[in-house]
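Asks: Coordinates only, no sequence provided:
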């Protein structure tokens, strides 16, 4: 409970900082909404010509995009530090956090809040609402699971900096690939790609399972989604902690192997 209260306090502080400059905040959020709608317009045109793509129709696509956007937005609003974690590791900026009693990972993730994430959240909620009122009651759970999944994905990708040093570009590419794949209906991919999307590039875990929870609510679907996202979150914490031991051994990579 102490860790939970600490996490809430960190997030509240980050939110206050992101809202301090209201003009910049509104501009970033508005541009993100516009960017998302422009991307979605391609699918809108496609579904105007074709009734369905695989087993996805337009409401399903709105739901997929809405959950993905809302989940990612919530992740960067509450844990904006995840987008700079590799740089923080490579620059040795974790040193100040190692002397503090609370979780190093928690402090590193919640050290920033990205205002643009509010645009993602707003746009995502709008699209979920447009996908159909019958989907609204379970959507918050799907959004939270997706936010946890995106945070875990970024944590694993950026933790590569413990072993590779300057891995900023690689980490961002991995996260962007997961985001990109999460915006396509899973029925477009063959078995080999689907295996990849549930393991190395976990778009399936991060987005497809939470979306399926909304499309087909039930205890079994909920259990599968929570178990998969929870397992990946535990993996992210494990990878970071293993890397942190290497970091503690000399604050520069490979000193003691």
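Replies: That came in fine, so what should we check first? Here the structure is a predicted model, which is why all the values come from computation and not from measurement.
Asks: Please state the offset of the longest helix along the chain from the chain centre?
Replies: The longest helix of the chain (DSSP state H) is helix 219-248. The chain centroid and the centroid of helix 219-248 are separated by 13 Å, computed with C-alpha atoms, centre = their mean, to the nearest Å.
Asks: Start at 430, not 1
Replies: Let's use 430 as the start, then, which means that last one is helix 648-677.
Asks: what mean pLDDT does it have?
Replies: Average pLDDT, helix 648-677: 91.
Asks: Over to stretch 508-518?
Replies: In this model, stretch 508-518 has a mean pLDDT of 89.
Asks: thinking again about what came up before, by contact count, what packs against the longest helix of the chain?
Replies: helix 533-538, helix 568-587, helix 590-593, helix 638-644 (3 or more C-beta pairs under 8 Å, 6 or more residues apart in numbering; DSSP states H and E). Heads up, the C-betas are built off the backbone N, CA and C, glycines and all.
Asks: closest one to residue 602 among these?
Replies: Among these, the nearest to residue 602 by C-beta to C-beta is helix 568-587 (8.4 Å).
Asks: angle of the closest one against helix 648-677?
Replies: Helix 568-587 runs at 30 degrees relative to helix 648-677, counting by axes from the mean of the first three to the mean of the last three C-alpha atoms, to 10 degrees.
Asks: The residue nearest the centre of the chain: what's it in contact with?
Replies: In the chain, the centroid-proximal residue (C-alpha atoms, centre = their mean) is residue 579; its distance is 2.1 Å. Counting by C-beta atoms under 8 Å, 6 or more residues apart in numbering, residue 579 makes contact with 500-501, 504, 604, 607-608, 635.
Asks: Now with 7 Å, please.
Replies: 500-501, 504, 635 (C-beta atoms under 7 Å, 6 or more residues apart in numbering).
Asks: before we move on, back to that, please convert the helices and strands packed on helix 648-677 to CSV, extending it with distance to residue 652.
Replies: Compiled in CSV, the helices and strands packed on helix 648-677 are given as follows (distance: least, C-beta to C-beta, whole Å):
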stretch, distance to residue 652
helix 533-538, 26
helix 568-587, 12
helix 590-593, 33
helix 638-644, 10
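Asks: just so I know, which of those helices lies nearest residue 518?
Replies: Of the helices and strands packed on helix 648-677, nearest to residue 518 by C-beta to C-beta is helix 590-593, at 4.0 Å.
Asks: Can you name the element that comes right after that closest one?
Replies: helix 597-611 (DSSP states H and E).
Asks: Could you list the low-confidence segments of the stretch 530-679 of the chain?
Replies: Applying pLDDT under 70 to the stretch 530-679 of the chain picks out residues 530, 564, 677-679.
Asks: how about a cut-off of 80?
Replies: 530-531, 540, 544, 562-564, 676-679 (pLDDT under 80).
Asks: Spatially nearest residue to residue 615, not counting backbone neighbours?
Replies: residue 637 (5.1 Å; C-beta to C-beta, 6 or more residues apart in numbering).
Asks: still on that earlier bit, can you tell me the closest non-neighbouring residue to the residue nearest to the centre of the chain?
Replies: Looking at residue 579 with C-beta to C-beta, 6+ apart, the closest residue is residue 504, at 4.3 Å.
Asks: got the angle between the strand or helix carrying the one you found and helix 568-587?
Replies: Assigned by DSSP H and E, residue 504 falls within helix 487-507. Counting by the same axes, to 10 degrees, helix 487-507 lies at 60 degrees to helix 568-587.
Asks: Pull the number of nearby residues for the closest residue to residue 655 other than its chain neighbours.
Replies: Computed as C-beta to C-beta, 6+ apart, the closest residue to residue 655 that is not its neighbour in sequence is residue 574, at 6.8 Å. Residues within reach of residue 574, counting by other C-beta atoms under 10 Å, total 26.
Asks: what's residue 574 in contact with, if anything?
Replies: 639, 654-655, 658.
Asks: again, 10 Å this time
Replies: Residues near residue 574 by C-beta atoms under 10 Å, 6 or more residues apart in numbering: 496, 500, 634-636, 638-640, 642, 651, 654-655, 657-659, 662.
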